[in-house]
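> any chance you could fold what I've pasted below:
(one chain, ligands or ions: 1)
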Amino acid sequence: MKIVDPHAHMFSRTVDDYQRMAAAGVACVIEPGFWLGSDRDYAESFWDYFKHITTFEPGRAKKYGVTHYSFLAVNPKEARNACAKKAVEGMWKYLDAENCLGIGEVGFDLITDSEEEIMKRQMEYAEQHKLLILIHTPHVNKPKGTERTIKVIEKMGLTTERILIDHNTEETIEMSLACGKCFCGHTIYPVTKMSPPRMVALLKKHGTDRMLMNSACDWGVSDPLAVPKTVDLMWQDGFSEAEIKKVVWDNAHKFFGQSKNWKLEK
Ligand SMILES: [Zn+2]
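Next up is the predicted model:
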């Protein structure tokens, strides 16, 4: 089974991870801009990071047979930084990179007005330029943060089929699916958020339309093989080959294929 992992912070990962992912069927990873673990004090540090994940990282992935795409953003956790606005206004030229599909991850962390302002500025640019948008939903107060994000999407009149609302759980999936034609991502973690069994149960309950799942594989406790492991569980649970392929391959092509930069062969 060929797999797209649509949210993977490979910046924090080594070649061993690329090799293991490729061996397990992961043909493509998508890397959104994130918080590196300490706040950046300079807008320039964001820009160097954008350069890194749009130049070095796709080249590194390719050596191990993995296609790499990126999303760029000033993420919600750093929206309150003194340099956040400057970082955003200097970001646009990096979005022209060949492997870049859009803006993300944007959204809420502590669910504040300053986070909303930074998110809206980036979303507005994405809508104007027909770029895809990848939305982070908060770890704490997830339903409240998701609800407020959806209100922003509706108020701004964004094109919902170009939006992926990520990190859904049982608590948020209904409202995310009901938000126009938004795609819905799920992050499968070994301990928190979704586990593989919970993910399989969620797909059984809500179906596979507009559904995606990812490993996040960041610098914390996370598993680069979370998606292949969930695929194993879907087989055991009696999902058909077509249904599994839809979640890990076809839906990704449908969503990311809206970008002119998406060149992954079907
Ligand atoms: Zn992330």
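
> where exactly do the strands run in this structure?
Using DSSP state E, the strands found in the chain span residues 3-5, 26-32, 67-72, 100-107, 132-136, 163-165, 183-184.

> report the distance from the shortest one to the chain centre.
Here strand 183-184 shows a centroid-to-chain-centroid distance of 10 Å under the convention C-alpha atoms, centre = their mean, to the nearest Å.

> quick one: residues in contact with it.
The contact list for strand 183-184 (C-beta atoms under 8 Å, 6 or more residues apart in numbering) reads 161, 163-166, 168, 173, 176-177, 210-212, 251, 254-255. In short, each C-beta sits where N, CA and C put it, glycine included.

> ok, and the closest non-adjacent residue to residue 85?
residue 118 (7.3 Å; C-beta to C-beta, 6 or more residues apart in numbering).

> typed the wrong thing, it's residue 105
residue 136 (3.8 Å).

> ok, the one you found - how many residues close by?
27 (other C-beta atoms under 10 Å).

> gap between the residue nearest to residue 85 and residue 84?
Separation of residue 118 from residue 84 (C-beta to C-beta, to the nearest Å): 6 Å.

> give me the more crowded residue out of these two.
residue 118 (25 against 22).

> any idea how far the more buried one lies from residue 179?
20 Å.

> check residue 172 too.
From residue 172 to residue 179 the distance is 10 Å (C-beta to C-beta).

> joint contacts of the two?
residue 165.

> and residue 247, how many neighbours?
Neighbours of residue 247 (other C-beta under 10 Å): 24.

> so it makes contact with residue 209?
No. Contact criterion C-beta atoms under 8 Å: residue 247 and residue 209 do not qualify, at 9.8 Å.

> and the helices in this protein?
15-23, 43-54, 56-62, 84-89, 113-128, 142-156, 173-177, 196-206, 226-236, 241-245, 251-256 (DSSP state H).

> between those, which gets nearest to residue 7?
Closest approach to residue 7 among the helices of the chain (C-beta to C-beta): helix 226-236, 9.8 Å.

> same question for the closest one: list its buried residues.
Neighbour-count burial for helix 226-236, counted by 16 or more other C-beta atoms under 10 Å, picks out 226, 227, 228, 229, 230, 231, 232, 233, 234.

> how close does the first one sit to residue 138?
By that I understand residue 226. Taken as C-beta to C-beta, the span from residue 226 to residue 138 is 20 Å.

> before we move on, the earlier item: the residue nearest to residue 105 against residue 165, yeah?
No. Proximity of residue 136 to residue 165 does not meet the contact threshold set by C-beta under 8 Å, at 9.0 Å.

> will you turn the strands of the chain into JSON lines that also has distance to residue 114 and mean pLDDT?
JSON lines is the format used below for the strands of the chain (distance: least, C-beta to C-beta, whole Å; pLDDT from 0 to 100):
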{"stretch": "strand 3-5", "distance to residue 114": "31", "mean pLDDT": "98"}
{"stretch": "strand 26-32", "distance to residue 114": "20", "mean pLDDT": "98"}
{"stretch": "strand 67-72", "distance to residue 114": "20", "mean pLDDT": "98"}
{"stretch": "strand 100-107", "distance to residue 114": "13", "mean pLDDT": "98"}
{"stretch": "strand 132-136", "distance to residue 114": "15", "mean pLDDT": "98"}
{"stretch": "strand 163-165", "distance to residue 114": "21", "mean pLDDT": "98"}
{"stretch": "strand 183-184", "distance to residue 114": "26", "mean pLDDT": "98"}
